[in-house]
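Colleague: coordinates for the following, if possible.
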Amino acid sequence: MKDFTHLLRVRYSECDAQKIVFNGKYAEFVDIAATEFTRAVWGHYNDILAMGVDSQVVNLTISWQAPSTFDDVLAIEVKAGHIGNSSYTLAFNIVNHVSGTQIATAEIVYVMVSATEFSKMSIPSDLKKKLIDGAPGVVVNHAGA
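Modeller: Coordinates of the predicted model:
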């Protein structure tokens, strides 16, 4: 079964003068996919805040293999990587949904923080388990594909 997948259609405004997706937009793409993944595994963001926890990005890396262009549908597969005491990593695989062409990979490292003081804290055990379990087979389609 595939990992969690977010389908996203490239919009005209996300392309640069070279008529390909501007590199900075991929940070937005993986952030959107991360939000949908955490919604699938943890529930609504406000429910997490109500528990007194939040996450902050401490590192983001992206490696490109091929360009994407206007109107392409990207499949962004998301799964948890390393999960520590207070930090966790999400891994992203971005492919062209139609052709299967590998577009990019990315990784985001988050640290769990108090939702009120923004101080580092341990990941609650129930949230850690849900990260480990992930959301295999779940597809969120924002592409209309």
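
Colleague: could you list the low-confidence segments of this protein?
Modeller: Counting by pLDDT under 70, the chain has low-confidence residues at 1, 145.

Colleague: how much space between the residue nearest in space to the middle of the chain and residue 101?
Modeller: By C-alpha atoms, centre = their mean, the mean C-alpha position of the chain lies nearest to residue 34, the distance being 2.5 Å. Distance from residue 34 to residue 101, counting by C-beta to C-beta, to the nearest Å: 22 Å. For the C-beta atoms, the positions are set from N, CA and C on the backbone; glycine is no exception.

Colleague: now do the strands in this structure.
Modeller: Counting by DSSP state E, the chain has strands at residues 4-9, 53-64, 73-83, 87-96, 102-114, 139-141.

Colleague: show the contacting residues for the closest residue to residue 35 other than its chain neighbours.
Modeller: Of all residues not flanking residue 35 in the chain, residue 45 sits nearest, at 7.5 Å (C-beta to C-beta, 6 or more residues apart in numbering). Contacts here follow C-beta atoms under 8 Å, 6 or more residues apart in numbering; on that basis residue 45 touches 35, 38-39.

Colleague: what do you get if the cut-off is 10 Å, keeping everything else the same?
Modeller: For residue 45, the contact set (C-beta atoms under 10 Å, 6 or more residues apart in numbering) comprises 35, 38-39, 54-55.
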